[in-house]
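J.: Sharing a sequence plus its predicted fold:
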Amino acid sequence: MSCEHAQAVLHGYLDGELDAARASEFERHLESCPDCLSALEAQETLRSALQRAQLYATAPVALRRKIRANLPAAPRAKFGFRLLPVRWLAAAAAAAFLLVAFEGWRLLPSLNQEGEYQAAEMVDAHLRSLQANHLTDVTSTDQHTVKPWFDGKLDFAPPVRDFASDGFPLQGGRLDVLRGRAIAALVYGRRKHIVNVFVWPTSEPDDSPRSGSKLGYQWVDWRKSGMEFCAVSDTSAADLNQLQHLMSQ
Amino acid sequence: MSSFDQGKGLGVLDSQERERFEQLVLPHLDAAFNLARWLLHSRADAEDVAQEAMLRAYRFFGGFHGGDARAWLLQIVRNTGYTWLEKNRPMEMKTEFDEELHVQPSSTPESLAIASDDRERLTRALETLPPRFREVLVLRELEGCSYKEIATITAIPIGTVMSALSRARQRLQQALTQRAPQEASHEL
C-alpha cells in the first residue's frame, strides 16, 4: 500500500468502516511507515479531544414537553375515512351481539341440551369480556397471585395454574356471572388470542370434553372433580383441546 | 394503519400511528437538537428548528417505511436547518463554497493535544468550519453515525463520506492550530 493510498483510507480505518482485508493491509503499511502512523495518531488525539470536550448538546426538557403538546391530535370529522374501519368493527360487534341475543332467545325454549345452552352463554360472556375493556379484575401472570385473589369472592376455590411454558400464559382472573351466580373466569393468552376459561362448581359426575363453535368462537366444556370448565376463544379448536388437556392433568 | 403507506392523509395520525411516532421518532429529539445546534450555532435557534423538524417529521410520518428512524429524522432536521439558514443568515451559507483554503497541514500531535484540551476552543474551531464540514464531523464524532447513515442524512454518495470526513478533520486541525497562538497571547 502506498502512502497516498494509506492517507486516503486512514479515516475509514479510524472510523471502523474498512473491511477486514483493507484494514489489515493498512495495518501492515503502518508497521513500516512512521509518517502514516503519526498521522493516524494525530487523528486519534483529535477524536479523543472531541470526546473529552463533551460537545453533545442535549435537548432541553421543556422542548420535549412543548413538542409533545404541539403534535396535532387526530381530528374526528376531517379524516372520517380513517375511522371507517373502527365503525365497521363496531357494527360487526353489534351484529354479533344481536345474533348472540337472538340465538340465545331462540335456543332458550327449544334446546333442552344444557351444555349447548351454557356454551352459548359462555361465548356471550367471552364477547362481553373483550368488549367492555374489562378482561381481568386481577392482572397477573403469577398463579399464586391470581388464586388467592378469588378467596372470599367465591364460595369455591377454582384451580389456577399458569401454562406459559406450554404456550398458554396466564394473564389474570375475573369474576363473571352465570345465571345469577358468581363464577371464576381465568384469562390465558394464546399467541395473539385471548382464552377465557370459566369455572364453577357442579354436582354432576366427571365428563369427557364436549366442544363446538358459535359465531366463529370455539368452546370446550368439561367436568372434573366437582368443577365444570368452559374454555372459549377465537383461537383454533386444536389450541383449546390442548389447553383442556393441560388443565385436566 | 395501512392507508399511510400510500402516502395519503398527510398531517394527521390516528392514535396508533401517533404512538408509533412517539416510540420511534420522538426519542431522537436529542440527536435532532444536537445537529440543529451545531448547524445554527445557537441553542435558541436550534430549539425552533428542532421543533419545526419534529412537527414536519410528524406530518410526513406516513412516508417513513421503517428502518433507521434517527437517520430519517436527521435528514429532515438538516433540510429544515439549511432552509432556516438561507432565510435568516444567507451570508453564512456562502462560506462553504470557498472550500480549499491553502493552509499547511502541519499540526503535530503535541501541539494538537495542547490546543484541543479546551472545550471552548474546540467549540469555536468547529464553528469556524463551513456547515458541510461541520455536519459530517458532528454526525460522526458526536452522533456516532455510520458512513451509510451520514450518506443518507446529508444526501452525499456513500463513497465520498470518507473523503468528506478526511477534509473536515483536516480543516478542524487547521482551525485549532491557527487559533492557538492568538489565544495564547490573549491569555498572557
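T.: Great, that's in hand.
J.: Please count neighbours and contacts with C-alpha atoms only from this point.
T.: Will do.
J.: Just say helix, strand or coil for B:Gly67.
T.: coil (DSSP: H, G, I helix; E, B strand; the rest coil).
J.: residues touching it, list them.
T.: Neighbour list for B:Gly67: empty [criterion: Cα atoms under 8 Å, 6 or more residues apart in numbering or on different chains].
J.: mind checking how far the nearest residue to A:His193 once chain neighbours are set aside is from chain B?
T.: Nearest residue to A:His193, sequence neighbours excluded (Cα to Cα, 6 or more residues apart in numbering or on different chains): A:Thr235, at 6.0 Å. As judged by Cα to the nearest Cα, to the nearest Å, A:Thr235 and chain B stand 24 Å apart.
J.: Check A:Val9 too.
T.: A:Val9 is 8 Å from chain B, by Cα to the nearest Cα.
J.: residue contacts, that residue?
T.: If a contact means Cα under 8 Å, 6+ apart, then A:Val9 has A:18, A:26, B:162 as its contacts.
J.: What about B:Val25, how many residues nearby?
T.: Neighbour count of B:Val25, defined by other Cα atoms under 10 Å in any protein chain shown: 21.
J.: quick one on the thing from earlier: export the contacts of A:Val9 to JSON lines and append columns for distance to B:Ala69, secondary structure and pLDDT.
T.: Formatted as JSON lines, these follow (distance: Cα to Cα, whole Å; DSSP: H, G, I helix; E, B strand; the rest coil; pLDDT from 0 to 100):
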{"residue": "A:Leu18", "distance to B:Ala69": "25", "secondary structure": "coil", "pLDDT": "90"}
{"residue": "A:Phe26", "distance to B:Ala69": "34", "secondary structure": "helix", "pLDDT": "94"}
{"residue": "B:Met162", "distance to B:Ala69": "23", "secondary structure": "helix", "pLDDT": "94"}
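J.: before we move on, the earlier item: verify the assumption that the residue nearest to A:His193 is located in a helix.
T.: No. Judged by three-state DSSP, A:Thr235 forms no part of a helix; its state is coil.
J.: Let me see the backbone angles for it.
T.: Backbone torsions of A:Thr235, given as degrees, to the nearest 10, read phi -80, psi 180.
J.: so it sits right up against A:Val220, yeah?
T.: No. A:Thr235 is beyond contact range of A:Val220, at 11.7 Å (criterion: Cα atoms under 8 Å).
J.: that older thread, quick one: which of the contacts of A:Val9 is nearest to B:Val25?
T.: Using Cα to Cα, B:Met162 is the member of the contacts of A:Val9 that lies nearest B:Val25, at 27.3 Å.
J.: and that closest one, what is it in contact with?
T.: Residues counted as contacts of B:Met162 (Cα under 8 Å, 6+ apart) are A:9, A:11-12, B:147.
J.: switch to 10 Å and redo it
T.: Neighbour list for B:Met162: A:8-13, A:15, A:17, B:136, B:147, B:150, B:168 [criterion: Cα atoms under 10 Å, 6 or more residues apart in numbering or on different chains].
J.: What are the boundaries of the helices in chain B?
T.: Applying DSSP state H to chain B gives helices spanning B:15-24, B:29-40, B:43-59, B:69-88, B:90-94, B:109-116, B:119-128, B:131-137, B:147-154, B:161-187.
J.: ugh, wrong one, I meant chain A
T.: Using DSSP H, helices in chain A cover A:3-14, A:20-32, A:34-52, A:61-70, A:80-110, A:114-131, A:143-149, A:237-248.
J.: need the least confident one among those, by mean pLDDT.
T.: Comparing mean pLDDT over the helices of chain A, the weakest stretch is helix A:80-110, at a mean of 48.
J.: related to what we said a few turns ago, would you check that the residue nearest to A:His193 makes contact with A:Arg191?
T.: Yes. A:Thr235 lies in contact with A:Arg191 (Cα atoms under 10 Å); the separation is 8.8 Å.
J.: Between these two, point out the one with more neighbours.
T.: With neighbours defined as other Cα under 10 Å, A:Thr235 and A:Arg191 compare such that A:Thr235 has more, 19 against 10.
J.: residue contacts, that one?
T.: Shown in contact with A:Thr235 (Cα under 10 Å, 6+ apart): A:189-195, A:216-219.
J.: before we move on, what about B:Ala31?
T.: Each residue near B:Ala31 by Cα under 10 Å, 6+ apart is listed here: A:56-59, B:37, B:50, B:70-71, B:73-74, B:77, B:139, B:142-143.
J.: Pull the number of nearby residues for B:Thr177.
T.: Using other Cα under 10 Å, B:Thr177 has 21 neighbouring residues.
J.: try B:Lys87
T.: Each residue near B:Lys87 was counted by other Cα under 10 Å, and the total is 11.
J.: per-residue pLDDT, it?
T.: B:Lys87 is assigned 90 on the pLDDT scale.
J.: Same check on B:Glu17?
T.: pLDDT for B:Glu17: 83.
J.: One more: the one 4 residues further on?
T.: Residue-level confidence at B:Phe21 comes out at 90, pLDDT.
J.: and the gap between the closest residue to A:Arg191 other than its chain neighbours and A:Leu215?
T.: Spatial nearest neighbour of A:Arg191, excluding adjacent residues (Cα to Cα, 6+ apart): A:Gly167 at 7.5 Å. Separation of A:Gly167 from A:Leu215 (Cα to Cα, to the nearest Å): 25 Å.
J.: A:Gly173 too?
T.: A:Gly173 is 24 Å from A:Leu215, by Cα to Cα.
J.: And these two? Which one has more around it.
T.: It is A:Gly173, of A:Gly173 and A:Leu215, that has more neighbours when counted by other Cα under 10 Å, with 28 against 13.
J.: Contact partners for that one?
T.: By Cα under 10 Å, 6+ apart, the contact set of A:Gly173 is A:135-141, A:143, A:145-147, A:149-150, A:160, A:184-188, A:196-198.
J.: Tell me the confidence at the nearest residue to it once chain neighbours are set aside?
T.: Nearest non-adjacent residue to A:Gly173, counting by Cα to Cα, 6+ apart: A:Leu186, 4.5 Å away. For A:Leu186, the model assigns a pLDDT of 95.
J.: If anything else comes up later, I'll come back, but that's it for now.
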